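# Dropping a prediction and its sequence here:
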Amino acid sequence: MTFAEKLYTLRTQYGYSQETLAEKLNVSRQAISKWELGITLPETDIKRTIIIIEKVKQTPSKYPRKAGLPAKEPIM
């Protein structure tokens, strides 16, 4: 699974919009979009990329999961 696929999967799994995730990572929404499309990668080394993925997994969303939807296990 590519970084783009992992990022998209984690973001949607946790109910974040691209804008919300961008705010949490202090980047633009357009940067998140380009990362998810595989157009670009974060300007970081691989350790920073892993930290970004972990931050996505560990930061609670201000938008709670809809009732009745099963919680999914993180992908990694």
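Done, it's in.
# So in this protein, where's the weakest helix or strand by average pLDDT?
For the chain, the helix or strand with the lowest mean confidence is helix 46-58, at a mean of 69 (criterion: mean pLDDT, DSSP states H and E).
# from memory residue 25 sits against residue 51, does it?
No: Residue 25 is beyond contact range of residue 51, at 10.0 Å (criterion: Cβ atoms under 8 Å). The C-beta positions use only the backbone N, C-alpha and C, and glycine is treated the same way.
# If you count surrounding residues, which of the two has more?
Comparing residue 25 with residue 51 by other Cβ atoms under 10 Å, the one with more neighbours is residue 25, at 16 against 13.
# residues contacting the more buried one?
32, 52, 55 (Cβ atoms under 8 Å, 6 or more residues apart in numbering).
# Buried ones among those residues?
32, 52 (16 or more other Cβ atoms under 10 Å).
# Please enumerate the helices of the chain.
3-13, 18-25, 29-37, 46-58 (DSSP state H).
# how about low-confidence regions in this structure?
For the chain, the stretches with pLDDT under 70 are 44-47, 49-50, 59-76.
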